[in-house]
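> predicted structure and sequence below. I'll ask about it afterward.
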Amino acid sequence: MTHEIRVGLIRCDTHGAYYGPLMQQHDPMRLQRPLPIDQPAHYSWQHGGAHFYFYTHYADPRQITVDTVEGFRLARIWDEHRDAAECLASVFYEKPLVCESFEEVSDDVDLVFIADCNGDGSDHLALATPGIEKGVPTFIDKPLAYSVKDTRTILSLAESHGVPITSISILSALPGFAQFAQRLPETGDLQFGTVQGGGTQMAGHIHAINLALRIFGNNVQTVRCMGDTPLNTIHLGYGEHPDRPARGVTINCDVGAVWHCAFHVSAYGTAGAIHSPPLGDFVFPFGAAEILRLVKGMVETGEPPPITADMLEGVAVAEAARLAQQEGRSVEIAEVGGAL
């Protein structure tokens, strides 16, 4: 493609306002205070939540300090709260069209971008269907779907219309954790891994699951879950699969308050242990920018990036974890339909 990728953005929540300013020029002072602090807001970005992590130069709130990605233009946007969509539109120098319905967002665009900061993915099939049926490449924010059933339906729909789609967790694309994964040989024979962070809601623990898959590997065989709160602690077993932690990976989701939403990873082996630094909101924008580069490549080539497989398996792991907690037993991934 030689022209800018025209983007239709569905949902102007904090993720919509997170990715948008990374792909299109905007007024940094408007992003800093979209609404007066004493005026009610639907989303945290409307009180400066996105600006806080994008503009960290202590003396100049107009100097962006994170990666941006060129080649996109926000053409259309929609949110269930029209005033939030209009508020986001006002942040950009070239204002996108605020649509009346999410079905309109996929008209005359090159990419549908479905944002989701705090949802569980249960509405993603409905939101994605109009654009896919129009043949528009689609990015679906994490999780791709709430269930394996919906995931299969979305994939089948995309295949029947020849549409490339992807869904990627910011944690999967974060450079800092890629660097951590390169250190795994320091542990000798890898025995066990842990991931901490994300909370117990699908919006958070899908990040932790995808992070575990990105660092320790795919092809999870069994999932266990324990704790008094939903998805408190999850254990991933790899069976006899070579080059995977012999004793599996434990994901601690319910870890209480953390420093700026930070995640931590540790790996243990016969030669010792390694631990990641806290990686959170101040570095998440670099993972989001990497996702935009991957999405841009998908639109240009028509091929989903290979990292999409992590999300497909991640949805299956999350569903297996819910079943494991409900029934109090170890669940085979195959029981919920496999990792697709």
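Arrived safely. Numbers count the residues shown, from 1 in each chain.
> only C-alpha atoms for contact and neighbour calcs from this point on.
Fine.
> let's verify residue 83: helix, strand, or coil?
Three-state call for residue 83 (DSSP: H, G, I helix; E, B strand; the rest coil): helix.
> how close does residue 305 sit to residue 117?
Distance of residue 305 to residue 117, given as C-alpha to C-alpha, to the nearest Å: 22 Å.
> what about the nearest residue to residue 277 once chain neighbours are set aside, helix or strand, and which?
In this structure, residue 277 finds its nearest non-sequential neighbour in residue 264, 6.6 Å apart by C-alpha to C-alpha, 6 or more residues apart in numbering. Counting by DSSP states H and E, the element that carries residue 264 is strand 264-269.
> now do that strand: which elements does it pack against?
Under the contact definition 3 or more C-alpha pairs under 8 Å, 6 or more residues apart in numbering; DSSP states H and E, strand 264-269 sits against strand 190-196, strand 272-275.
> check the offset of the biggest helix by length in the chain from the chain's centre.
Determined from DSSP state H, the single longest helix within the chain is helix 308-327. Centroid separation for helix 308-327 versus its chain: 15 Å, with C-alpha atoms, centre = their mean, to the nearest Å.
> go on, stretch 284-301?
12 Å.
> tell me which residues of it are tucked away?
Across stretch 284-301, burial judged by 16 or more other C-alpha atoms under 10 Å covers 284-296, 298-299.
> restricting to C-alpha, output that stretch in CSV.
Extracted as CSV, the C-alpha positions of stretch 284-301 are listed here (Å, rounded to 0.1, in the frame of the first residue of the first chain):
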residue,chain,number,x,y,z
PHE,A,284,3.7,-0.6,27.8
PRO,A,285,3.5,2.0,25.1
PHE,A,286,6.6,0.4,23.4
GLY,A,287,4.7,-2.9,23.2
ALA,A,288,1.7,-1.1,21.8
ALA,A,289,3.9,0.5,19.1
GLU,A,290,5.3,-2.9,18.2
ILE,A,291,1.7,-4.2,17.8
LEU,A,292,0.9,-1.3,15.4
ARG,A,293,4.0,-2.3,13.3
LEU,A,294,2.8,-5.9,13.2
VAL,A,295,-0.8,-4.8,12.3
LYS,A,296,0.6,-2.5,9.6
GLY,A,297,2.5,-5.4,8.1
MET,A,298,-0.7,-7.5,8.2
VAL,A,299,-2.6,-4.9,6.2
GLU,A,300,0.2,-4.5,3.7
THR,A,301,0.8,-8.3,3.1
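> the lowest-mean-pLDDT helix or strand in the chain packs against which elements?
Of all helical and strand segments in the chain, the minimum by mean pLDDT, DSSP states H and E falls on helix 175-181, at a mean of 89. In terms of contacts (3+ C-alpha pairs under 8 Å, 6+ apart), helix 175-181 is packed against helix 202-216.
> that's all I had, so thanks and see you.
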